[in-house]
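[1] Next input, structure requested:
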Amino acid sequence: MAYFTTSIAVVAGLCLAFGVLYLFIGVRRPSDRKLNLLFALFAMAYAGAIITARTSFMAETLDRYVTASRVSVVFAALGFSAFVWFVAAYTRVRPRWYLWATTAAFALYGLAAIVVPDSVVNTASGVDTVTFPWGETVYMVQTESAALLPLLLLALMALISYAAVADVQQFRRGERDEAIALAIGIGWFVFTIIEESLVVLGVFDFVVLSDFGFLGFVIAMSLQMLNSAIAMESELLGYQNNLEAMVAERSTELENAQAQLLAQAEEQATTAERTRLARELHDVVTQLLFSINLVAGSLPRLWLRDPGMAERSTGELQRLTRGALAEMRILLRELRPHTITDTDLETLITQLGDGLAARQDIPATVHVQMSRTLPPDVHLALYRIAQEALSNIAKHANASSFAVSLTGTDSRVDLSIADDGYGFDPSTLPAGTMGLDIMSERAHDVGAELGISSDLDAGTKVEVRWQAQPAGGQK
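    Numbers count the residues shown, from 1 in each chain. Sure thing, here's the model as predicted:
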């Protein structure tokens with residue numbers, strides 16, 4: 001049974017498999033890429049060296065033996081060079097001049113196997129056979145000392161010495177598991193060299209194990225690197241889980257903070273609206289009620305002294321009461337905005353006109369005639385535009401009278417609000433003044449046309465026209 005050569009083939013296959021595996025890991029995985037690629041190069045070069053050494057054992061002629069041996073030397077030189085730099089990357093001990101000198105020695109030895117083969121494989125004539133105790137026979141050539149053999153031995157001693165020192169430094173740094181794995185691999189290699197030397201010297205008769213020297217190193221390092229990769233992946237997974245938990249926690253906190261901010265914003269908006277309504281209630285309704293109270297209190301005396309004046313005051317009292325009632329209804333609707341769209345536009349516009357007339361104590365003409373029901377958004381837009389226009393009259397126009405007209409047919413709606421106040425020059429008016437931009441935006445949103453005409457000392461007129469769309473059309 002060919003146990004020896006079969007074992008060599010198995011070892012070569014294992015090393016090649018590890019080499020391909022870590023080559024794939026090094027290409028695909030950014031972390032520790034250099035370390036993985038160096039280990040892959042070493043493992044594949046070592047596989048090439050021992051498989052060609054197996055070929056030399058099975059050679060039946062001197063030429064075949066020499067050719068296989070030369071190729072084995074080239075692979076071995078490449079593997080030793082990769083080994084040096086792998087140990088440097090693994091232990092992070094990098095005396096660069098020493099590393100480059102050792103690499104140069106192995107490179108010279110490998111190059112010599114190609115250019116001057118007799119300097120590394122100097123054979124005597126003939127082929128001998130060696131039979132192992134279990135009956136397997138292999139072919140070996142009696143060789144004389146090659147010229148560059150001392151260079152190879154010196155480079156190997158330098159390699160083993162450097163690896164041992166780097167391993168000790170790594171152990172002292174606290175990386176004990178990594179250092180122990182490296183020590184096991186190097187220890188097995190040193191053991192096989194010593195065993196081969198004792199067999200050659202005749203101390204005992206056994207199979208030479210030098211071709212299996214780096215097998216322990218390949219297995220120990222691959223298992224350690226795999227264990228480190230698994231530990232790193234587990235650590236990264238733990239970080240990911242912690243990160244996901246932190247993200248979920250922060251998301252919950254942000255949602256709670258957002259909810260609190262929304263609640264605060266709603267509360268502030270409600271408070272601001274209540275403050276505005278309270279101010280209007282005080283400024284407008286209270287003032288009207290105060291005027292009503294004054295007129296009502298003076299009526300008994302006026303009836304006795306001047307019935308004509310009392311009759312006119314009664315009309316004034318009616319106007320003030322109607323205005324106060326209109327203002328109160330407007331404020332109540334502002335407290336419940338949905339009632340604005342629930343109330344017909346004719347009533348709303350009439351109440352706005354009555355309220356302003358009572359508030360400013362000026363005559364008003366309010367004409368409302370609607371024959372159709374408007375969409376809710378158009379209903380609200382026209383109400384807000386009228387409200388803004390009448391507010392501008394109260395604040396800026398100093399008008400002595402105003403007129404409001406709302407007419408609506410099946411095909412169109414026209415809203416007109418005119419006053420005889422100061423007026424203004426539209427070309428010199430700053431943007432955003434008097435709420436004109438707000439009215440324009442509201443009209444645009446519902447597809448209505450807004451026109452504003454004004455002259456100095458000639459009053460202002462605001463006109464809005466909304467055209468109903470045909471059935472199936474777009475607004």
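[2] is it true that residue 260 lies in a helix?
    Yes. Residue 260: assigned to a helix according to DSSP: H, G, I helix; E, B strand; the rest coil.
[3] per-residue confidence for it?
    For residue 260, the pLDDT comes out at 84.
[4] Run a quick neighbour tally on residue 77.
    Around residue 77 there are 26 other residues, counting by other Cβ atoms under 10 Å. Where you see a C-beta, it was placed from the backbone N, CA and C, and this is true even at glycine.
[5] which one is it nearest to, not counting chain neighbours?
    Among residues not flanking residue 77 along the chain, residue 110 sits closest, at 2.8 Å (Cβ to Cβ, 6 or more residues apart in numbering).
[6] Show me the contact partners of stretch 17-30.
    The contact list for stretch 17-30 (Cβ atoms under 8 Å, 6 or more residues apart in numbering) reads 32-37, 39-44, 47, 218-219, 222, 225, 229.
[7] Now do the helices in this protein.
    3-28, 33-57, 62-91, 96-115, 149-172, 176-200, 215-280, 286-305, 307-335, 338-342, 345-360, 376-392, 436-445 (DSSP state H).
[8] Of the ones you listed, which is nearest residue 460?
    helix 376-392 (7.7 Å; Cβ to Cβ).
[9] Between the helices of the chain, which one is closest to residue 403.
    Closest among the helices of the chain, using Cβ to Cβ: helix 345-360, at 8.6 Å.
[10] between the closest one and helix 376-392, how big is the angle?
    Interaxial angle of helix 345-360 relative to helix 376-392 (axes from the mean of the first three to the mean of the last three Cα atoms, to 10 degrees): 10 degrees.
[11] that older thread, mind putting the helices of the chain into CSV with distance to residue 131?
    Shown next, in CSV, are those (distance: least, Cβ to Cβ, whole Å):
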stretch, distance to residue 131
helix 3-28, 11
helix 33-57, 12
helix 62-91, 17
helix 96-115, 29
helix 149-172, 27
helix 176-200, 14
helix 215-280, 24
helix 286-305, 126
helix 307-335, 112
helix 338-342, 107
helix 345-360, 117
helix 376-392, 105
helix 436-445, 103
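[12] closest one to residue 459 among the ones you listed?
    Among the helices of the chain, the nearest to residue 459 by Cβ to Cβ is helix 376-392 (11.8 Å).
[13] from the contacts of stretch 17-30, which would you call buried?
    Buried members of these, scored by 16 or more other Cβ atoms under 10 Å, are 32, 35-37, 39-44, 47, 218-219, 222, 225, 229.
[14] about what we covered before: which stretch among the helices of the chain comes nearest residue 407?
    Among the helices of the chain, helix 345-360 comes nearest to residue 407, with 10.3 Å by Cβ to Cβ.
[15] List the buried residues for that closest one?
    345, 348-360.
[16] From those, pick the one nearest residue 118.
    Among these, and counting by Cβ to Cβ, the member closest to residue 118 is residue 345, at 113.3 Å.
[17] and this structure, what are its domains?
    3-213, 342-475 (automatic domain parsing).
[18] Ok, which of the ones you listed comes nearest residue 315?
    Per Cβ to Cβ, nearest to residue 315 of the domains of the chain: domain 342-475, 11.8 Å.
[19] Rounded mean pLDDT for the closest one, please.
    For domain 342-475, mean pLDDT rounds to 83.
[20] Tell me who's in contact with the residue nearest to residue 77.
    Taking Cβ under 8 Å, 6+ apart, we find residue 110 in contact with 73-74, 76-78, 81.
[21] same thing with residue 107?
    Per Cβ under 8 Å, 6+ apart, neighbours of residue 107: 77, 81.
[22] and what of residue 222?
    18, 21-22, 39, 43.
[23] repeat that for 6 Å
    By Cβ atoms under 6 Å, 6 or more residues apart in numbering, the residues touching residue 222 are residue 18.
[24] that older thread, pLDDT check: weakest of the buried ones among the contacts of stretch 17-30?
    residue 229 (63).
[25] For residue 131, which non-adjacent residue is spatially closest?
    Closest residue to residue 131 apart from its sequence neighbours, by Cβ to Cβ, 6+ apart: residue 137 at 4.7 Å.
[26] Relative to residue 247, how far out is that neighbour?
    From residue 137 across to residue 247, the span is 69 Å (Cβ to Cβ, to the nearest Å).
[27] for residue 193, same thing?
    56 Å.
[28] again with residue 405
    Distance, residue 405 to residue 247, by Cβ to Cβ: 61 Å.
[29] before we move on, what about residue 343?
    In terms of Cβ to Cβ, residue 343 sits 50 Å off from residue 247.
[30] what pLDDT does the residue nearest to residue 117 when sequence neighbours are not counted get?
    Closest residue to residue 117 apart from its sequence neighbours, by Cβ to Cβ, 6+ apart: residue 70 at 5.1 Å. Per-residue pLDDT puts residue 70 at 85.
[31] OK, contacts around residue 3?
    134, 136.
[32] how much space between it and residue 13?
    15 Å.
[33] Also residue 214?
    Distance of residue 214 to residue 13, computed by Cβ to Cβ: 14 Å.
[34] okay, now the closest residue to residue 367 other than its chain neighbours: neighbour count?
    Using Cβ to Cβ, 6+ apart and skipping the chain neighbours, the partner closest in space to residue 367 is residue 405 (4.7 Å). Around residue 405 there are 17 other residues, counting by other Cβ under 10 Å.
[35] Looks like residue 405 contacts residue 415 (just checking).
    No. At 7.3 Å, residue 405 and residue 415 do not qualify as touching, with contact defined as Cβ atoms under 6 Å.
[36] dump the residue contacts of residue 341.
    376, 379-380.
[37] Find the nearest non-adjacent residue to it, please.
    Nearest in space to residue 341, with sequence neighbours left out and distances taken as Cβ to Cβ, 6+ apart, is residue 376 at 4.8 Å.
[38] State the distance from the one you found to residue 245.
    47 Å.
[39] same deal with residue 78?
    Between residue 78 and residue 245 the computed distance is 49 Å (Cβ to Cβ).
[40] One more: residue 43?
    40 Å.
[41] wait, residue 414 sits on residue 464?
    No. Judged on Cβ under 6 Å, residue 414 makes no contact with residue 464 at a distance of 7.3 Å.
[42] Looking at these two, which one has more neighbours?
    Shown here are residue 414 and residue 464; by other Cβ under 10 Å, residue 464 has more neighbours (24 against 14).
[43] Who are the contact partners of that one?
    Neighbours of residue 464 in contact, by Cβ under 6 Å, 6+ apart: 385, 415, 443, 448, 450.
[44] Let me see the contact set for the last one.
    Residues touching residue 450, when contacts are defined by Cβ under 6 Å, 6+ apart, comprise 440, 443, 464.
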